[in-house]
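J.: A predicted structure for the sequence below; I have some questions about it.
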Amino acid sequence: MAWFYLIGAGALEIVWAYFMKRSEARCLAPTIGAMIASFALLSVSMRTLPLGTAYTIWTGIGAVGAFALGVVLLGEAITPMRVGAALLIVAGIVMMKLSSAS
């Protein structure tokens, strides 16, 4: 169950990053709401998962997801170097998951 909480927390991190970009610092309520929910789910997942594993995967989901969302919805540049960087993050997430006992 901890992994589902962690994936949900990562998804909410993508949501709050997107809301922050779209709000342009005018209305931060959706950003703050998603942020609080993301932190809450992360903290629940950390009851079972190791700190390093949970935090690395949470930030990785957020980073790669925000990159993908920026490309798809916001028309941000997709270059070989940016894709390579995202793939390295995904590789790190996979390695953390495989190295975790939980």
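T.: Everything's here; your move.

J.: From here on, just use CA atoms for contacts and neighbour counts.
T.: OK.

J.: For A29, give its distance to M35.
T.: Here A29 is placed at a distance of 10 Å from M35 (C-alpha to C-alpha, to the nearest Å).

J.: more crowded one of these two?
T.: A direct count of neighbours by other C-alpha atoms under 10 Å for A29 and M35 places M35 higher, at 18 against 13.

J.: which other residues reach the host helix or strand of the more buried one?
T.: Following DSSP states H and E, one finds M35 within helix 29-45. If you take C-alpha atoms under 8 Å, 6 or more residues apart in numbering as the criterion, helix 29-45 is touched by 1-3, 5-6, 8-13, 15-17, 19-20, 54-55, 58.

J.: Please type out the PyMOL selection for whichever of those residues turn out to be buried.
T.: The buried residues among the contacts of helix 29-45 can be selected in PyMOL (16 or more other C-alpha atoms under 10 Å) with this line:
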select buried, resi 2+3+5+6+8+9+10+11+12+13+15+16+17+19+20+54+55+58
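
J.: Take the contacts of helix 29-45 and keep only those in helices.
T.: 2-3, 5-6, 8-13, 15-17, 19-20, 54-55, 58 (DSSP state H).

J.: Who are the packing partners of the worst-scoring helix or strand of the chain on mean pLDDT?
T.: When each helix and strand of the chain is scored by mean pLDDT, DSSP states H and E, helix 80-99 comes last, with a mean of 91. Applying 3 or more C-alpha pairs under 8 Å, 6 or more residues apart in numbering; DSSP states H and E, one finds that helix 80-99 contacts helix 51-74.

J.: Next one, pLDDT for the residue positioned nearest the centre of the chain please.
T.: Nearest to the geometric centre of the chain sits G62, at 1.7 Å (C-alpha atoms, centre = their mean). G62 carries a pLDDT value of 95.
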